[in-house]
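Chemist: sequence? don't have it. structure:
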């Protein structure tokens, strides 16, 4: 897997997971996982983007798919 593909899939996960957990008013922002999460407005139930999840998922996907391809 190329880095650009891993980063793209990681970005999708970094939006879907936090937003799926009830957006800005849910469990995601009240726990330790809220660190590094960008939200558009403090009171807005908009999309969230988790930078640590994005980078961690991209790295894990790249390592897993490279390991399986060898």
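Modeler: Perfect, I can see it now. Keep in mind the model is a prediction, meaning the values are calculated, not measured.

Chemist: C-alpha from now on. contacts and neighbour counts both.
Modeler: OK.

Chemist: which helix or strand contains the residue nearest the centre of the chain?
Modeler: Centroid check for the chain by CA atoms, centre = their mean gives residue 14 as the closest residue, at 1.7 Å. Per DSSP states H and E, residue 14 falls inside helix 3-20.

Chemist: can you mark which positions in that helix are buried?
Modeler: Applying a neighbour-count criterion of 16 or more other CA atoms under 10 Å, the buried positions in helix 3-20 are 6, 7, 10, 11, 13, 14, 15, 16, 17, 18, 19.

Chemist: distance to residue 59 and pLDDT added to the residues you listed, as CSV?
Modeler: Conversion of the buried residues of helix 3-20 to CSV gives the following (distance: CA to CA, whole Å; pLDDT from 0 to 100):
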residue, distance to residue 59, pLDDT
6, 7, 92
7, 8, 93
10, 8, 93
11, 12, 92
13, 13, 91
14, 13, 89
15, 16, 87
16, 18, 88
17, 17, 86
18, 18, 84
19, 21, 82
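
Chemist: many thanks, we can stop here.
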